[in-house]
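Enquirer: dropping a prediction and its sequence here:
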Amino acid sequence: MLGLVSTSTTTNPTDLLKAVLPIGIGLASAAFLAHRATNKGGFSRDKSIPIVPLRAGDKSHDAEYAEDQNKFLSKCVENYGLVFNVMLWNQKFTVVSGSLIREVFMNEQFSFIDALEEVTGMKAFTDSITKTSNDENWISHSAIRDNLSPFLPLYTPRIVEQLTLTIDRELGDCKDGKLIEKPINVFQEMVAAAMATVFMGNDCAKDHRVRDSFIKCTYDFGEVLGRDNRLRFWHRFNTQAKYSVLNPLKKHIDILVEVATPVILKRRQEEAEANAKGEEYVRPLDMMQKLLDNFDKYGFVDIEDVCGHLLLLVLASVHTTSDSAANLCYYFAAFPEHVDVLYQEQCEALSQIEQERQTLRQSKLASGEVKSEQDFVGSDLDPKNDRDLSAAMMKRLVKMDSFVREVLRYRTERLTLAHTAREDITLSNGMRITKGSKAIINNHSVHQSDEVQGGDAYEFRPWRFVGKAKAATKAGNDFLVFGMGKHACPGRFLAIQELKTVGALLVSRYSKFEIQDPSKTKRGLMWRMGDPVDTGLIFTSRN
Ligand code: HEM
């Protein structure tokens, strides 16, 4: 029987990732897919929900779905309507499609966490990472909403710096075309460096042990989930007992604590000195500091607890974002005609901003507000920052934004984000999802619908969203990549900012991206989150 993770002693990151990614997103689908334990919960008892018949000789819908997901789901909706039952990955799901999807996301009695817990039994484990936990918000949604997203423009220079340093170190000059066999590794390094500076500040991010932990903790988490029979009582009991004592993420928490402690002490000392002098202490900007500043509000117990929470954020963010960034490059390779368009957009936006800043400087000099050119040095209008990839500049990259949104729309798994019904729930079409059964979201019915997407829904049309007020961060009825409603991914603003920055840095440095084995192009575009295609990329520098 297959667990979530290969039981082989040679750790295959891809296998592990399949298990791991659910912590971030509807990557739960990966866990559901890899899961082969006994099914718990059945179809909804509402007999009006049709059960899709099996193909002759099949024992489940797995083979038919795997052969052609689009065809299978189109056929089901056509024949059975928006709600129907299927058997996939050794589980029974009620597929909810189209306009009814919203009712699953908006109803708190449909629980993504419960469905995930059923498959992975991971709650005992995530609880053991932190000392304080909350049943519903095992990763604090509000911590990101309140402490991260509003400050994104301030984080941008640091994110850009880290991404730039890592690209230049890992890819560098590719004059004659450089083959990178496992691009995912490069993108993990990039994203880990960027996330480390956002979550823990520059001083901690400089320490390679922190960046390594940001990458490796997700693989270690995969080990935890990689157990068979996780639905059985004894397994849960065992997990609970074992991981509260022998937590495999403990070593990463220890590293974070070890690196963070002197940094925090230094900050405290600086604050005390500033107070003693009657000066205002400028608080460092990072999640760790924000969590410490709100220690009582969040009810933390100690620094280990804070680092445990930071680690949960890492589990939600690093692999989801690096997987998407690596995938983006395969789209550059598959659609080379768009790379220069994106580069041109960037050059024009930079020149425009440079011009605007120059005009502003001149008017300040003319009005006497600023005495000399020299006075701009170190100010907001310092000419040295004219061509920075600032947050304001990234906002102008509407084509890049559309490209990223289209990649996510095009690739996102067709069925994801199973939710367990906590009580009998009647949908607006009168069908009842009974307590304990699982509703799964039919992304295909939205992302591949001509009506919803404005035509050519099976085509990759990178400028589809230009001029449409549909930014890549905008979750909604037509874009389910980040979920919807109360639990919609709170990290999407950071994720999109990083994806656009990675895109901008890449197209400005490299003019050509090629897939090492072109016969794998289709898979390169459509890999399931956490299971990258096994062919590399060749990068060629701009002249
Ligand atoms: C491309 C990258 C990412 C994708 C595709 C993604 C997608 C998702 C999805 C589909 C969900 C579930 C939404 C739902 O239940 O309706 C989710 C939840 C979540 N994501 Fe992300 N995510 C990404 C990056 C991030 C980042 C960078 C962070 C942190 C900074 C983050 C933090 C979270 C958290 C904390 C939740 C749980 C929210 C809740 O239950 O209230 N994610 N994400």
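Expert: In hand now; what should we look at? Numbers count the residues shown, from 1 in each chain.
Enquirer: most distant residue from the centre of the chain?
Expert: Distance to the chain centre peaks in the chain at residue 368, reaching 48.0 Å (criterion: C-alpha atoms, centre = their mean).
Enquirer: how close does that residue sit to the ligand?
Expert: 45 Å (C-beta to the nearest ligand atom, to the nearest Å). For the C-beta atoms, the positions are set from N, CA and C on the backbone; glycine is no exception.
Enquirer: what about the stretch 351-500 of the chain, any weak spots by pLDDT?
Expert: Counting by pLDDT under 70, the stretch 351-500 of the chain has no low-confidence residues at all.
Enquirer: how about the residues of it by the ligand?
Expert: 417, 481-484, 487-491, 494-495 (C-beta under 6 Å from any ligand atom).
Enquirer: restricted to strands, list those residues.
Expert: Among those, the ones falling in strands (DSSP state E) are residue 417.
Enquirer: of the residues of the stretch 351-500 of the chain next to the ligand - the most surrounded one?
Expert: If you count neighbours using other C-beta atoms under 10 Å, the busiest of those is residue 417, which has 27 neighbours.
Enquirer: wait, that one touches residue 113, no?
Expert: No. Applying C-beta atoms under 8 Å as the test, residue 417 and residue 113 come out as separate, 11.1 Å apart.
Enquirer: may I see the buried residues of stretch 94-110?
Expert: The neighbour-count check on stretch 94-110 (16 or more other C-beta atoms under 10 Å) flags 94-98, 100-105, 107, 110 as buried.
Enquirer: among the residues you listed, which ones are in strands?
Expert: Using DSSP E, the buried residues of stretch 94-110 in strands are 94-96, 110.
Enquirer: which single one of those residues is nearest to the ligand?
Expert: residue 110 (9.7 Å; C-beta to the nearest ligand atom).
Enquirer: quick one, what contacts the residue nearest to that closest one when sequence neighbours are not counted?
Expert: Distance criterion C-beta to C-beta, 6 or more residues apart in numbering; nearest residue to residue 110, sequence neighbours excluded, is residue 419 at 3.8 Å. Residue 419 makes contact with 104, 110-112, 114-115, 438-441, according to C-beta atoms under 8 Å, 6 or more residues apart in numbering.
Enquirer: which residues of the protein lie near the ligand?
Expert: So the chain meets the ligand at 24-26, 105, 112, 139, 141, 144, 313, 316-317, 320-321, 324, 417, 481-484, 487-491, 494-495 (C-beta under 6 Å from any ligand atom).
Enquirer: in helices only, show me those residues.
Expert: 105, 112, 141, 144, 313, 316-317, 320-321, 324, 494-495 (DSSP state H).
Enquirer: for residue 321, what are its contacts?
Expert: 191, 195, 494-495, 498-499.
Enquirer: let me redo that: residue 204
Expert: 196, 210, 256, 259-260, 263, 286, 288.
Enquirer: by neighbour count, which of those wins?
Expert: residue 196 (30 neighbours).
Enquirer: around the nearest residue to it once chain neighbours are set aside, how many other residues sit close by?
Expert: Nearest non-adjacent residue to residue 196, counting by C-beta to C-beta, 6+ apart: residue 205, 3.6 Å away. Residues lying near residue 205 (other C-beta under 10 Å) number 23.
Enquirer: cool, and the one 3 residues further on?
Expert: Counted by other C-beta under 10 Å, the residues lying close to residue 208 total 11.
Enquirer: re earlier: what do residue 417 and residue 113 both touch?
Expert: Contacts common to residue 417 and residue 113, judged by C-beta under 8 Å, 6+ apart, are absent.
Enquirer: can you tell me, leaving aside adjacent residues, what's nearest to residue 267?
Expert: Nearest one to residue 267, counting by C-beta to C-beta, 6+ apart, is residue 284 at 6.2 Å.
Enquirer: show me the two of the ones in strands among the buried residues of stretch 94-110 that sit farthest apart.
Expert: For those, the farthest-apart pair by C-beta to C-beta is 95 and 110; their separation is 13.6 Å.
Enquirer: which neighbours do these two have in common?
Expert: Contacts common to residue 95 and residue 110, judged by C-beta under 8 Å, 6+ apart, are residue 439.
Enquirer: what is the mean pLDDT for whichever strand or helix holds residue 192?
Expert: Residue 192 belongs to helix 183-205 when elements are defined using DSSP states H and E. For helix 183-205, the mean per-residue pLDDT is 96.
Enquirer: surely residue 320 touches residue 495?
Expert: Yes. Here residue 320 reaches residue 495: they are 6.8 Å apart, a contact under C-beta under 8 Å.
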